[in-house]
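Asks: 3D model of this:
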Amino acid sequence: MSYLKLTEKWKSAGMEYNPEQTGLCNRIIFWEVAYLFNKINNFDFGILLEKLYWPEVNYLSIPNTKGVDEYKDDFWDGDKTLDFEMLLDDETFKLDTDTNWILLQQRLIEYFDYFKNFAKNFDTNRPLQLIDIKNDVLKKSMVENLNGVVGIHMRKGDVGTPEETIDFEEIRNKLKDKNLSDSERKELEKESLTCEQGGRWYETFKDEHYLKIMDEIVKVNPNQKFYISTNGDKEQLKVFYDNFDILDYTTVLSNIESEVDCSKDYLDYELNKNCLRNVTDLFSLSYSKFLILHPESTWSKFAKWYKNVPSVNVSDEFDIYNYRRQI
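Replies: Next comes the predicted model:
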(Lines give C-alpha, C1' and ligand atoms only; values in the text may rest on other atoms or scores of the structure.)
Protein backbone atom coordinates (compact mmCIF):
# COMPACT_ATOMS: atom_id res chain seq x y z
CA MET A 1 0.00 0.00 0.00
CA SER A 2 1.10 3.57 -0.73
CA TYR A 3 0.65 6.42 1.70
CA LEU A 4 -0.49 9.99 2.08
CA LYS A 5 2.05 11.50 4.48
CA LEU A 6 0.77 14.49 6.42
CA THR A 7 3.40 16.96 7.54
CA GLU A 8 4.51 20.58 7.51
CA LYS A 9 8.05 21.27 6.36
CA TRP A 10 8.43 24.46 8.41
CA LYS A 11 9.13 22.12 11.34
CA SER A 12 12.55 21.49 9.79
CA ALA A 13 13.43 25.16 10.30
CA GLY A 14 13.39 24.82 14.09
CA MET A 15 9.83 26.12 14.53
CA GLU A 16 8.72 23.16 16.61
CA TYR A 17 5.44 22.58 18.39
CA ASN A 18 5.67 23.20 22.10
CA PRO A 19 3.81 21.51 24.97
CA GLU A 20 1.42 24.45 25.41
CA GLN A 21 0.54 25.07 21.74
CA THR A 22 0.23 21.80 19.87
CA GLY A 23 -2.43 22.92 17.37
CA LEU A 24 -4.38 19.71 17.96
CA CYS A 25 -7.66 20.78 16.37
CA ASN A 26 -5.98 22.43 13.40
CA ARG A 27 -4.12 19.16 12.86
CA ILE A 28 -7.38 17.21 13.06
CA ILE A 29 -8.90 19.43 10.37
CA PHE A 30 -5.75 18.81 8.32
CA TRP A 31 -6.28 15.07 8.77
CA GLU A 32 -9.97 15.46 7.84
CA VAL A 33 -9.12 16.85 4.43
CA ALA A 34 -6.61 14.05 3.84
CA TYR A 35 -9.30 11.53 4.79
CA LEU A 36 -11.74 13.07 2.31
CA PHE A 37 -9.05 13.06 -0.35
CA ASN A 38 -8.31 9.39 0.34
CA LYS A 39 -12.03 8.62 0.15
CA ILE A 40 -12.20 10.23 -3.28
CA ASN A 41 -9.37 7.86 -4.24
CA ASN A 42 -11.32 4.78 -3.02
CA PHE A 43 -9.17 4.47 0.13
CA ASP A 44 -6.27 3.18 -1.96
CA PHE A 45 -3.88 4.92 0.44
CA GLY A 46 -3.07 4.72 4.10
CA ILE A 47 -2.51 7.99 5.99
CA LEU A 48 0.75 8.38 7.92
CA LEU A 49 1.44 10.81 10.76
CA GLU A 50 4.66 11.68 12.57
CA LYS A 51 4.15 10.37 16.12
CA LEU A 52 6.45 13.06 17.49
CA TYR A 53 3.92 15.68 16.39
CA TRP A 54 0.87 13.44 16.72
CA PRO A 55 1.29 11.77 20.14
CA GLU A 56 -2.52 11.64 20.30
CA VAL A 57 -2.36 8.45 18.20
CA ASN A 58 -1.54 6.73 21.51
CA TYR A 59 -5.06 7.54 22.72
CA LEU A 60 -7.14 7.95 19.58
CA SER A 61 -8.37 5.49 16.98
CA ILE A 62 -8.13 7.40 13.68
CA PRO A 63 -9.53 5.63 10.57
CA ASN A 64 -7.13 4.51 7.82
CA THR A 65 -4.33 6.20 9.75
CA LYS A 66 -1.27 5.25 11.76
CA GLY A 67 1.60 7.05 13.43
CA VAL A 68 5.24 6.25 12.69
CA ASP A 69 8.46 6.95 14.56
CA GLU A 70 10.15 8.68 11.60
CA TYR A 71 9.89 12.45 11.39
CA LYS A 72 11.22 15.40 9.41
CA ASP A 73 13.61 14.31 6.62
CA ASP A 74 13.36 10.64 7.54
CA PHE A 75 9.58 10.89 7.12
CA TRP A 76 9.32 12.66 3.78
CA ASP A 77 12.63 12.25 1.89
CA GLY A 78 12.28 10.67 -1.54
CA ASP A 79 8.49 11.06 -1.73
CA LYS A 80 6.54 13.33 -4.05
CA THR A 81 4.88 16.54 -2.81
CA LEU A 82 1.29 16.90 -3.98
CA ASP A 83 0.74 19.86 -6.31
CA PHE A 84 -2.77 21.04 -5.56
CA GLU A 85 -3.08 23.43 -8.49
CA MET A 86 -2.40 20.65 -11.00
CA LEU A 87 -4.78 18.37 -9.16
CA LEU A 88 -7.61 20.90 -9.22
CA ASP A 89 -7.10 21.47 -12.95
CA ASP A 90 -7.63 17.74 -13.47
CA GLU A 91 -10.82 17.66 -11.31
CA THR A 92 -10.80 13.86 -10.98
CA PHE A 93 -8.53 14.01 -7.88
CA LYS A 94 -7.03 10.66 -8.87
CA LEU A 95 -3.43 9.92 -7.94
CA ASP A 96 -0.85 7.33 -8.87
CA THR A 97 -1.47 4.72 -6.18
CA ASP A 98 2.07 3.36 -6.53
CA THR A 99 3.47 6.64 -5.19
CA ASN A 100 3.81 7.94 -1.64
CA TRP A 101 2.56 11.54 -1.54
CA ILE A 102 3.57 14.33 0.84
CA LEU A 103 0.63 16.55 1.85
CA LEU A 104 1.64 19.87 3.38
CA GLN A 105 -0.67 21.04 6.13
CA GLN A 106 -1.21 24.68 5.26
CA ARG A 107 -1.89 24.02 1.57
CA LEU A 108 -4.34 21.25 2.40
CA ILE A 109 -6.34 23.41 4.82
CA GLU A 110 -6.63 26.11 2.15
CA TYR A 111 -8.59 23.63 0.02
CA PHE A 112 -10.74 22.18 2.82
CA ASP A 113 -14.06 23.64 1.66
CA TYR A 114 -13.40 22.55 -1.92
CA PHE A 115 -12.80 18.91 -1.01
CA LYS A 116 -15.60 18.91 1.57
CA ASN A 117 -18.11 20.04 -1.05
CA PHE A 118 -16.88 17.38 -3.46
CA ALA A 119 -17.14 14.70 -0.77
CA LYS A 120 -20.82 15.50 -0.21
CA ASN A 121 -21.38 13.12 -3.10
CA PHE A 122 -20.56 10.37 -0.60
CA ASP A 123 -22.07 11.50 2.73
CA THR A 124 -22.62 14.54 4.93
CA ASN A 125 -20.81 13.49 8.12
CA ARG A 126 -17.51 15.08 9.05
CA PRO A 127 -14.60 12.64 9.10
CA LEU A 128 -13.58 13.83 12.58
CA GLN A 129 -16.75 12.18 13.90
CA LEU A 130 -15.12 8.83 13.05
CA ILE A 131 -12.27 9.41 15.52
CA ASP A 132 -12.72 7.51 18.78
CA ILE A 133 -11.03 7.00 22.16
CA LYS A 134 -8.98 3.80 22.13
CA ASN A 135 -9.13 3.07 25.85
CA ASP A 136 -12.57 1.92 27.02
CA VAL A 137 -11.85 2.94 30.62
CA LEU A 138 -11.04 6.52 29.60
CA LYS A 139 -14.04 6.77 27.29
CA LYS A 140 -16.38 5.36 29.96
CA SER A 141 -15.16 7.96 32.45
CA MET A 142 -15.80 10.75 29.95
CA VAL A 143 -19.31 9.56 29.12
CA GLU A 144 -20.33 9.00 32.74
CA ASN A 145 -18.85 12.22 34.14
CA LEU A 146 -20.16 14.44 31.35
CA ASN A 147 -23.72 13.09 31.37
CA GLY A 148 -26.06 16.08 31.62
CA VAL A 149 -23.18 18.56 32.03
CA VAL A 150 -22.85 21.99 30.38
CA GLY A 151 -19.40 22.31 28.79
CA ILE A 152 -17.54 25.62 28.61
CA HIS A 153 -14.48 26.40 26.53
CA MET A 154 -12.83 29.23 28.41
CA ARG A 155 -9.89 30.29 26.27
CA LYS A 156 -7.41 32.46 28.17
CA GLY A 157 -5.01 33.17 25.30
CA ASP A 158 -1.97 31.24 24.08
CA VAL A 159 0.87 31.28 26.59
CA GLY A 160 3.64 33.74 25.71
CA THR A 161 1.66 35.55 23.00
CA PRO A 162 -0.05 38.98 22.95
CA GLU A 163 -3.37 37.14 23.46
CA GLU A 164 -2.53 37.14 27.16
CA THR A 165 -2.24 40.93 27.34
CA ILE A 166 -4.36 42.48 24.57
CA ASP A 167 -7.41 44.32 25.94
CA PHE A 168 -9.93 42.85 23.51
CA GLU A 169 -12.83 44.52 25.31
CA GLU A 170 -11.33 47.94 24.63
CA ILE A 171 -10.72 47.08 20.98
CA ARG A 172 -14.28 45.79 20.54
CA ASN A 173 -15.66 49.04 21.99
CA LYS A 174 -13.48 51.12 19.66
CA LEU A 175 -14.63 49.11 16.65
CA LYS A 176 -18.25 49.87 17.57
CA ASP A 177 -17.62 53.58 17.01
CA LYS A 178 -20.05 54.53 14.23
CA ASN A 179 -17.86 57.48 13.26
CA LEU A 180 -15.10 55.16 12.03
CA SER A 181 -14.82 54.78 8.28
CA ASP A 182 -14.42 51.29 6.82
CA SER A 183 -10.74 51.95 6.13
CA GLU A 184 -10.18 53.21 9.69
CA ARG A 185 -11.92 50.16 11.12
CA LYS A 186 -9.80 47.80 9.00
CA GLU A 187 -6.63 49.63 10.01
CA LEU A 188 -7.54 49.38 13.70
CA GLU A 189 -8.20 45.66 13.34
CA LYS A 190 -4.90 45.20 11.50
CA GLU A 191 -2.85 47.10 14.08
CA SER A 192 -4.53 45.54 17.11
CA LEU A 193 -5.34 41.98 16.16
CA THR A 194 -3.05 40.79 13.34
CA CYS A 195 -0.33 38.35 14.34
CA GLU A 196 3.08 37.98 12.69
CA GLN A 197 1.96 35.03 10.55
CA GLY A 198 -0.77 37.16 8.99
CA GLY A 199 -3.69 35.65 10.87
CA ARG A 200 -5.58 37.15 13.78
CA TRP A 201 -5.05 36.79 17.49
CA TYR A 202 -8.00 34.97 19.02
CA GLU A 203 -10.03 37.17 21.30
CA THR A 204 -10.34 36.45 24.99
CA PHE A 205 -13.48 37.25 26.97
CA LYS A 206 -13.70 38.48 30.54
CA ASP A 207 -15.14 36.25 33.24
CA GLU A 208 -18.39 38.21 33.47
CA HIS A 209 -19.41 37.07 29.98
CA TYR A 210 -19.33 33.44 31.12
CA LEU A 211 -20.74 34.17 34.58
CA LYS A 212 -23.78 35.91 33.11
CA ILE A 213 -24.71 32.84 31.03
CA MET A 214 -24.02 30.45 33.90
CA ASP A 215 -26.15 32.51 36.29
CA GLU A 216 -29.06 32.33 33.84
CA ILE A 217 -28.69 28.55 33.60
CA VAL A 218 -28.64 27.90 37.37
CA LYS A 219 -31.77 30.00 37.78
CA VAL A 220 -33.52 27.38 35.68
CA ASN A 221 -31.57 24.40 37.02
CA PRO A 222 -29.85 25.03 40.38
CA ASN A 223 -28.19 21.60 40.26
CA GLN A 224 -26.57 22.12 36.89
CA LYS A 225 -22.93 20.97 36.67
CA PHE A 226 -20.42 22.67 34.40
CA TYR A 227 -17.28 21.29 32.73
CA ILE A 228 -14.56 23.89 32.13
CA SER A 229 -12.05 23.29 29.35
CA THR A 230 -9.34 25.91 29.59
CA ASN A 231 -5.67 26.72 29.21
CA GLY A 232 -5.91 28.77 32.40
CA ASP A 233 -5.31 27.45 35.91
CA LYS A 234 -7.67 27.03 38.86
CA GLU A 235 -6.38 30.13 40.61
CA GLN A 236 -7.40 32.24 37.58
CA LEU A 237 -10.83 30.61 37.65
CA LYS A 238 -11.45 30.73 41.40
CA VAL A 239 -14.73 32.63 41.03
CA PHE A 240 -16.15 29.74 38.99
CA TYR A 241 -14.99 26.96 41.31
CA ASP A 242 -16.25 28.88 44.35
CA ASN A 243 -19.73 29.56 42.99
CA PHE A 244 -20.63 26.66 40.71
CA ASP A 245 -20.41 22.88 40.59
CA ILE A 246 -17.34 22.62 38.33
CA LEU A 247 -15.76 19.60 36.66
CA ASP A 248 -12.56 19.59 34.62
CA TYR A 249 -10.17 17.09 33.05
CA THR A 250 -8.88 16.07 36.50
CA THR A 251 -12.39 14.85 37.36
CA VAL A 252 -12.36 12.53 34.35
CA LEU A 253 -8.85 11.22 35.07
CA SER A 254 -9.41 10.80 38.81
CA ASN A 255 -8.52 7.22 39.87
CA ILE A 256 -7.78 6.09 36.29
CA GLU A 257 -4.84 8.25 35.13
CA SER A 258 -2.13 5.68 35.84
CA GLU A 259 -4.20 3.02 34.08
CA VAL A 260 -4.79 4.99 30.87
CA ASP A 261 -1.51 6.94 30.66
CA CYS A 262 0.62 6.08 27.60
CA SER A 263 3.48 8.49 28.22
CA LYS A 264 6.02 5.64 28.09
CA ASP A 265 5.29 5.53 24.34
CA TYR A 266 5.94 9.24 23.69
CA LEU A 267 8.95 9.92 21.48
CA ASP A 268 9.71 13.13 23.39
CA TYR A 269 8.17 13.35 26.84
CA GLU A 270 8.84 17.08 27.30
CA LEU A 271 7.18 17.94 23.99
CA ASN A 272 4.27 15.52 24.46
CA LYS A 273 3.77 15.74 28.22
CA ASN A 274 0.32 17.40 28.01
CA CYS A 275 -1.04 14.91 25.49
CA LEU A 276 -3.29 12.90 27.83
CA ARG A 277 -4.64 16.08 29.39
CA ASN A 278 -5.39 17.58 25.96
CA VAL A 279 -7.15 14.49 24.62
CA THR A 280 -9.17 14.09 27.83
CA ASP A 281 -10.07 17.77 27.91
CA LEU A 282 -11.15 18.09 24.28
CA PHE A 283 -13.21 14.92 24.10
CA SER A 284 -14.78 15.46 27.53
CA LEU A 285 -15.94 18.88 26.37
CA SER A 286 -17.37 17.19 23.27
CA TYR A 287 -19.47 14.81 25.40
CA SER A 288 -21.30 17.67 27.16
CA LYS A 289 -25.05 18.09 26.58
CA PHE A 290 -24.81 21.85 25.90
CA LEU A 291 -21.82 24.05 25.11
CA ILE A 292 -20.70 27.62 25.79
CA LEU A 293 -18.01 28.22 23.20
CA HIS A 294 -15.38 30.63 21.92
CA PRO A 295 -16.61 32.06 18.58
CA GLU A 296 -13.33 31.56 16.68
CA SER A 297 -11.37 28.74 18.28
CA THR A 298 -11.09 25.41 16.42
CA TRP A 299 -11.06 23.73 19.87
CA SER A 300 -14.61 25.01 20.38
CA LYS A 301 -15.61 24.11 16.85
CA PHE A 302 -14.38 20.54 17.23
CA ALA A 303 -16.38 20.13 20.46
CA LYS A 304 -19.54 21.16 18.63
CA TRP A 305 -18.88 19.21 15.43
CA TYR A 306 -17.90 15.93 17.09
CA LYS A 307 -21.34 15.13 18.54
CA ASN A 308 -23.38 17.96 16.95
CA VAL A 309 -23.89 19.38 20.43
CA PRO A 310 -26.24 22.40 20.77
CA SER A 311 -24.30 25.49 21.76
CA VAL A 312 -24.05 29.23 22.23
CA ASN A 313 -21.00 31.42 21.67
CA VAL A 314 -19.92 33.38 24.73
CA SER A 315 -19.98 36.50 22.53
CA ASP A 316 -23.67 35.99 21.61
CA GLU A 317 -26.80 37.16 23.33
CA PHE A 318 -27.85 34.15 25.41
CA ASP A 319 -31.37 32.74 24.97
CA ILE A 320 -32.25 30.54 27.96
CA TYR A 321 -34.76 28.61 25.84
CA ASN A 322 -31.90 27.12 23.83
CA TYR A 323 -30.68 25.58 27.07
CA ARG A 324 -34.17 24.61 28.29
CA ARG A 325 -34.62 22.41 25.24
CA GLN A 326 -31.74 20.24 26.43
CA ILE A 327 -33.08 19.48 29.95
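
Asks: and the residue nearest the centre of the chain, which of the three is it?
Replies: Geometric centre of the chain, nearest residue: residue 25, 2.5 Å, by CA atoms, centre = their mean. Secondary structure, DSSP: H, G, I helix; E, B strand; the rest coil: residue 25 is helix.

Asks: Kindly report the same for the one 10 residues further on.
Replies: Classification of residue 35 into helix, strand or coil gives helix, according to three-state DSSP.

Asks: mind checking how far it is from residue 260?
Replies: According to CB to CB, to the nearest Å, residue 35 and residue 260 sit 26 Å apart. Backbone N, C-alpha and C define where each C-beta goes, glycine included.

Asks: And residue 149, how far from residue 284?
Replies: Residue 149 is 9 Å from residue 284, by CB to CB.

Asks: more neighbours, those two?
Replies: Taking neighbours as other CB atoms under 10 Å, residue 149 and residue 284 compare with residue 284 leading, 26 against 21.

Asks: what are the phi and psi values for the more buried one?
Replies: phi -60, psi -50 (degrees, to the nearest 10).

Asks: Please name the residues that touch it.
Replies: Residue 284 makes contacts with 142, 145-146, 151, 227, 229, 249, 252, as judged by CB atoms under 8 Å, 6 or more residues apart in numbering.

Asks: can you redo those residues as CSV with pLDDT?
Replies: Output for those, formatted as CSV (pLDDT from 0 to 100):
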residue, pLDDT
142, 98
145, 98
146, 97
151, 98
227, 98
229, 96
249, 97
252, 98
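
Asks: What about those, which are in strands?
Replies: Using DSSP state E, the members of the contacts of residue 284 that fall in strands are 151, 227, 229.

Asks: Bridging across strands, which residues link to the spatially closest residue to residue 322 that is not a sequence neighbour?
Replies: In space, and not counting its chain neighbours, residue 322 is closest to residue 312: 6.1 Å by CB to CB, 6 or more residues apart in numbering. Beta-bridge pairing of residue 312 under DSSP bridges involves residue 292.

Asks: Residue 312 and residue 137: what is the separation?
Replies: In terms of CB to CB, residue 312 sits 32 Å off from residue 137.

Asks: Compare these two (neighbour count), which wins?
Replies: Shown here are residue 312 and residue 137; by other CB under 10 Å, residue 312 has more neighbours (18 against 12).

Asks: Does that one touch residue 300 like I think?
Replies: No - shown here, residue 312 and residue 300 do not form a contact pair, counting by CB atoms under 8 Å, at 10.9 Å.

Asks: measure residue 264 to residue 75 for me?
Replies: Per CB to CB, residue 264 is found 22 Å from residue 75.

Asks: Which residues are in contact with each of residue 149 and residue 284?
Replies: By CB under 8 Å, 6+ apart, residue 149 and residue 284 have these common neighbours: residue 227.

Asks: Would you map the helices across the stretch 51-200 of the chain?
Replies: Per DSSP state H, counting those that start in this stretch, the stretch 51-200 of the chain carries helices over the ranges 73-76, 84-90, 105-110, 112-119, 136-145, 168-175, 182-193.
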